[in-house]
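> what follows is a predicted structure for the sequence shown.
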Amino acid sequence: MLVGGHGRESRLARATTADRLADYERRYRQLAEQLAEIGLISSGSVTRRFTRCGTAGCRCHAEPPQPHGPYYQWTAKVNGKTVTRRLTDGEAKLYQEWIANDRRMRRLITQMRQVAAKAGELKIREAARQ
Ligand SMILES: [Zn+2]
């Protein structure tokens, strides 16, 4: 059975499909360009912590307590194990930037998947017409 036919309507449908496909491909390239511009990425998260030491009579054990810190700490799962790392203020800034990049990258990839699925659907339909 011939699905596409040869009428004007079918040619119009084809032009529209080609336009939509071109739009999706343009959008996909834009997303890929944004992806290429993302700097370093990192998994995990940065937290700001206050701690108490083991020294008796230290201000961190006073009433009210004056804990040490704030300290920055990076926590991530590496090969299934939770890894923590004490960070300086400067390191914390860098990690926060990399973690934000990581989130942005995942968002972009999600969008690329959505656009690719729509474009792919059109391509599959096109291929079925031939
Ligand atoms: Zn202390």
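Nice, I can see it. Please read all numbers here as calculations on a predicted model, not as lab measurements.

> any low-confidence regions in this structure?
Low-confidence segments of the chain (pLDDT under 70): 1-9.

> can you pull out the helices in it?
For the chain, applying DSSP state H gives helices covering 8-37, 89-129.

> the ones you listed: which one's closest to the ion?
With Cβ to the ion as the criterion, the ion lies closest to helix 89-129 of these, at 20.0 Å. Every residue, glycine included, has its C-beta placed from N, CA and C.

> now do that closest one: which elements does it pack against?
helix 8-37, strand 45-51, strand 68-78 (3 or more Cβ pairs under 8 Å, 6 or more residues apart in numbering; DSSP states H and E).

> farthest residue from the center of the chain?
Gly57 (46.6 Å; Cα atoms, centre = their mean).

> neighbouring contacts of stretch 81-99?
Applying Cβ atoms under 8 Å, 6 or more residues apart in numbering, the set of residues contacting stretch 81-99 from outside is 39-46, 48, 71-77.

> gap between the two ends of that stretch?
18 Å (Cα to Cα, to the nearest Å).

> report the buried residues of it.
Residues of stretch 81-99 classed as buried under the neighbour-count rule (16 or more other Cβ atoms under 10 Å) are Leu87, Ala92, Tyr95, Gln96, Trp98, Ile99.
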